[in-house]
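J.: quick one, fold the following:
(one chain, ligands or ions: 2)
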Amino acid sequence: MKPELKTRHGGRILADALAGHGVRVAFGVPGESFLPVLDGLHDLRDRLRFVICRQEGGASYMADAWAKLSGEPGVLFVTRGPGATNGSVGVHTAFQDSTPMIVFVGQVGSEFAEREAFQEIDYRRMYGPLTKWAAQIDRAERIPEYVSHAFHTATAGRPGPVLLALPEDMLFAHAAVADVPHYRTARAAPSPADMAELERLLAGAKRPFVLLGGGGWSKQALAALRAWAEANALPVGSSFRCQDYFDNRHPNYAGDVGIGINPKLAQRVKEADVLLVFGARLGEMTTGGYTLLEVPVPKQTLVHVHAGAEELGRVYQAALPINSGYAEFVLALSAIKIKNPPWKNLTQTAHDEYLEWSKPQPMPGALHYGEVIAWLSKTLPEDAIVCNGAGNFASWLHRHFRYKGWRTQLAPASGSMGYSVPAAVAAKIAEPGRTVVAIAGDGEFLMNGQEFATAMQYGAAIIVLVVNNGMYGTIRMHQEREYPGRISGTELANPDFAAYARAFGGHGETVARTAEFAPAFERALASGKPAILELRIDPDAITPSTTLSALRAAALKNRGQSPI
Ligand SMILES: Cc1ncc(C[n+]2csc(CCOP(=O)(O)OP(=O)(O)O)c2C)c(N)n1
Ligand SMILES: [Mg+2]
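T.: Ligands and ions are numbered 1, 2, ... in the order given. This next block holds a predicted model:
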C-alpha cells in the first residue's frame, strides 16, 4: 500500500514526525523562530506535551534526565542564537553521559542566510563537537527523513545528542509528505568466539572485578547481569555516577569507582587480574585520572564491552574488546558459569569494605549532613529518584546513600552544576507517583533554581535540599590544597532559600540541627507542593572525611609553614 501524502506546514510535519517516533514529552523555551512548530504542537497537545521552562539550560538538563529515565531520546526545542547558546550545557552533558537527545533549534530564513542576520549561528560548526550529528533541514518535504535519521543516530551504538536546525521559511512552507514509522535501532551482538574467550579468561582468573556503567542499559539487561554476577559470585562496582546500576545492598556490590573512591576499592581495581568492564567508557573520573589502569595497555587483563565500536581502544587496548548492545551481551553472558570460583571470599570482603566505607563519619557542626543522607537512604521508598549536580555536597550522597534500583539516581557524569533541580522536575513529570528529591549545593542550586517555577507550573512536587556552606566549596577545597589560606573567588552571599520557595508558592524551611531534618522532610512531603529545605551545614565540613582547616594545616605543613 502506498503511504498517504498529507499536505501540512513544516511545523506540523515535524510535530507529526515526533509523535510517530513515540515522543510524549518535549522540553524547551519558545522563540519566534519556530512558531509553526508551536502551532503543530498545538494540534497534537493531547498526545505530545511541550513542557515550557524558564531557561534553556534547565530545559536541556530536563531533556537529558527524561531520556535517562525513559530510555527514549529526550527532545529539546530552543530558539536561535541566545536559545542555542543557553541550551548547550545539557547537550554537552548528554554527550558526556551517552544520553540520546534530539535538539531542534530555530534558524534564520534561507533568504537571509550567511549575512549574520539576527541571532544567526552556523549550528553545524557550533554544535559539531557537542553532538553525534548536527545538521539543518532545508526542505519541508525532507523533515520525516531527517527526523528519522536523527532518532537512529541518537540511539545507535554509544547513544548521544543530535541537533537539527530549522530555517524559518522551511517551517512555514507547505509540503505533501507521508509520515514514517517508528525508528528501530540496530544493535551489535557478541560472537560465540568472543564469549568463548571471555569464559576462558574468567576461568583462569583469581581476582576478577566487574565494572558497570555507560549509556544504553535497561532494567531487564541489568537484572540479567545481576543474576549472572550472583551465579559466578563476582564483585561488581559501578562507574562514576552510575551507582544505581546494581543494588548497593546486594552482597556482590563493591562500591563506586568515581571521585572520592574508597582507597581499598581503588586498590582492588588496580590489583584485579581480569577486569570485566561492561558499558563504562573508562573515562577520567572512573579511572582515577587514568591511574587505576595504565595507558594504553593495562596490567589487568581487560575485557571491554561497549555498544560503541569507537570507544574500544580509544584509551585502553583491551585483551578482549567486544562491540555489543548490552541486552544482547548479557543474554550471551548468562550461559557462562564458572564452577567453584576461587574469588568468593574476595567478593564478600569487597562488600564488607563498601559497608564500612559508607558509614557516616563524625563531622563538625550541629547539622550532621551524613546522618541526613543515611536517614534518607533508610526512609525513602525504594523507587525514590535522587537527583544531583556537581559540588562537594554530592560526595556525602554518593558515599552514604544506598541506591536500590535502576534509575533511582539522576546525576551528570559530565560533572556539571545546575542539574539537580531541572532533572528532578523532569523526573516528577515523567513519574508523578515516585518521590523525587533534588540535592543541590548553594552554588549548584542557583544555577537553575529558576526551574522551581516550572515545578510549580506543572505541579511537580519535588523536594529540594539546598546544602548551604556559603561557598563554592569544591573550588575552595582545591584552593586550600594548592594555595592554603588564600581564599579567592569562592565565597557566596546567599538568599533565604526557604523564603525563595515560598515566593514561588512552594513549601520552604530552614534546617540547622540534625534532629530537625526528619520532621521538616515529612512536612515538605505532606505539603504536596514543590519544596525547598535549606540545610545549614558547618562550612568547615568540606568532605565526608575531612575539614577545610585540616586541609589547610596539611598544605601549610607540606610547605614548611605553620597554620596562621
Ligand atoms: C556549570 C559548572 N560551572 C562550574 C563548575 C566548577 N565547579 C565544580 S563544583 C563547584 C562548586 C559547587 O558549589 P556548591 O554547589 O555550593 O557545592 P559545594 O562544593 O560547596 O558543596 C564549581 C564552581 C562546574 N562543575 N560546572
Ligand atoms: Mg556550597
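
J.: so how far is ligand 1 from the most centrally placed residue in the chain?
T.: Most central in the chain under CA atoms, centre = their mean is P412, positioned 3.4 Å from the mean C-alpha point. Distance, P412 to ligand 1, using CB to the nearest ligand atom, to the nearest Å: 9 Å. (C-beta placed from N, C-alpha, C; glycine too.)

J.: quick check on L302: phi, psi?
T.: Note on L302: backbone dihedrals following degrees, to the nearest 10 are phi -100, psi 120.

J.: and the gap between it and L198?
T.: Applying CB to CB, to the nearest Å, the value for L302 to L198 is 12 Å.

J.: where do the contact lists of those two overlap?
T.: Common contacts of L302 and L198, defined by CB atoms under 8 Å, 6 or more residues apart in numbering, comprise L320.

J.: pLDDT below threshold where in this protein?
T.: Applying pLDDT under 70 to the chain flags residues 1, 562-564.

J.: so the residue nearest to the centre of the chain makes contact with F95?
T.: No - counting by CB atoms under 8 Å, P412 stays clear of F95, with 10.8 Å between them.

J.: and the closest residue to ligand 1 within the stretch 151-300 of the chain, what does it touch?
T.: Distance from ligand 1 to each residue of the stretch 151-300 of the chain (CB to the nearest ligand atom) is smallest for I259, at 10.5 Å. Contact analysis of I259 by CB under 8 Å, 6+ apart lists 240, 285, 395, 398.

J.: for the first one, which non-adjacent residue is spatially closest?
T.: Take F240 and drop its neighbours on the chain: the residue closest to it by CB to CB, 6 or more residues apart in numbering is G258, 3.4 Å away.

J.: in the stretch 101-250 of the chain, which residue sits closest to ligand 2?
T.: Closest to ligand 2 within the stretch 101-250 of the chain is R241: 18.8 Å, counting by CB to the ion.

J.: pretty sure that residue sits in a helix.
T.: No - counting by DSSP: H, G, I helix; E, B strand; the rest coil, R241 is not found in a helix; it is coil.

J.: you'd agree V464 is up against A531?
T.: Yes - the pair V464 and A531 passes the contact test of CB under 8 Å, sitting 6.8 Å apart.

J.: now do the shared contacts for these two.
T.: In contact with both V464 and A531: A501, using CB under 8 Å, 6+ apart.

J.: the two: who's more crowded?
T.: Counted by other CB atoms under 10 Å, V464 and A531 do not tie: V464 has more neighbours, with 30 against 27.

J.: show me what I439 is bridged to.
T.: N388, L465 (DSSP bridges).

J.: contacting residues around it?
T.: Neighbour list for I439: 386-388, 393-394, 397, 420, 464-465, 467 [criterion: CB under 8 Å, 6+ apart].

J.: among those, who's most crowded?
T.: S420 (36 neighbours).

J.: do you know how far that residue is from E145?
T.: The gap separating S420 from E145 is 38 Å, by CB to CB.

J.: repeat for D194
T.: 35 Å.

J.: compare those two (neighbour count), which wins?
T.: Ranked by neighbour count (other CB under 10 Å), D194 and E145 place D194 first, with 19 against 14.

J.: where does the more buried one fall, phi/psi-wise?
T.: Here is the backbone geometry of D194 (degrees, to the nearest 10): phi -60, psi -50.

J.: okay, and the residue nearest to it when sequence neighbours are not counted sits in which element?
T.: For D194, ignoring the flanking residues on the chain, the nearest one in space by CB to CB, 6+ apart is I322 at 4.8 Å. If you go by DSSP states H and E, I322 is part of strand 320-323.

J.: run through the neighbouring helices and strands of that strand.
T.: Contact partners of strand 320-323 among helices and strands, from 3 or more CB pairs under 8 Å, 6 or more residues apart in numbering; DSSP states H and E: helix 192-203, strand 301-306.

J.: in the stretch 101-250 of the chain, which spans are strands?
T.: 101-107, 133-136, 161-167, 174-177, 209-212, 236-239 (DSSP state E, counting those that start in this stretch).

J.: mind listing what the fifth one pairs with, with the direction of each?
T.: Strands flanking strand 209-212 in the sheet, each with its direction: strand 236-239 (parallel), strand 274-278 (parallel) (DSSP bridges).

J.: send me that strand as PDB with only the CA atoms.
T.: C-alpha atoms of strand 209-212 as PDB (Å, rounded to 0.1, in the frame of the first residue of the first chain):
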ATOM      1  CA  PHE A 209      36.300  -7.500  39.000                       C
ATOM      2  CA  VAL A 210      33.200  -6.300  37.100                       C
ATOM      3  CA  LEU A 211      32.800  -2.600  36.400                       C
ATOM      4  CA  LEU A 212      29.400  -1.400  35.100                       C
END
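
J.: sorry, back to before: can I get the contacts of I439 in a markdown table with distance to K68?
T.: Formatted as a markdown table, the contacts of I439 follow (distance: CB to CB, whole Å):
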| residue | distance to K68 |
| --- | --- |
| V386 | 13 |
| C387 | 10 |
| N388 | 13 |
| F393 | 21 |
| A394 | 16 |
| L397 | 17 |
| S420 | 13 |
| V464 | 19 |
| L465 | 20 |
| V467 | 23 |
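
J.: ok, and of those, which contact ligand 1?
T.: With CB under 6 Å from any ligand atom as the criterion, the contacts of I439 include 393, 467 near ligand 1.

J.: which residue does the stretch 251-400 of the chain have closest to ligand 1?
T.: Scanning the stretch 251-400 of the chain for proximity to ligand 1 using CB to the nearest ligand atom identifies G391 as nearest, at 2.7 Å.

J.: what number of residues lie near the closest residue to that residue other than its chain neighbours?
T.: In this structure, G391 finds its nearest non-sequential neighbour in G441, 3.6 Å apart by CB to CB, 6+ apart. Neighbours of G441 under the rule other CB under 10 Å: 27.

J.: V466 is in contact with G441, correct?
T.: Yes - here G441 reaches V466: they are 7.4 Å apart, a contact under CB under 8 Å.

J.: ligand 1 contacts on the stretch 301-450 of the chain?
T.: On the criterion CB under 6 Å from any ligand atom, ligand 1 has as its neighbours in the stretch 301-450 of the chain the residues 390-393, 415-418, 441-444.

J.: ok, I385 - contacts?
T.: By CB under 8 Å, 6+ apart, the contact list for I385 reads 69, 407-410, 424, 427, 431, 434-437.

J.: in stretch 340-350, what's buried?
T.: Neighbour counts using 16 or more other CB atoms under 10 Å place 341, 343, 346-347, 350 of stretch 340-350 among the buried residues.

J.: now do stretch 471-486
T.: Per 16+ other CB under 10 Å, stretch 471-486 contains these buried residues: 471-474, 476-477, 479-480, 484.

J.: narrow these to those in helices?
T.: Counting by DSSP state H, the part of the buried residues of stretch 471-486 found in helices is 473-474, 476-477, 479-480.

J.: closest to L222 out of these?
T.: Checking these against L222 with CB to CB, the nearest one is T474 at 30.3 Å.

J.: most packed of the helices and strands packed on strand 320-323?
T.: Greatest average neighbour count among the helices and strands packed on strand 320-323 goes to strand 301-306 (a mean of 24), per mean count of other CB atoms under 10 Å.
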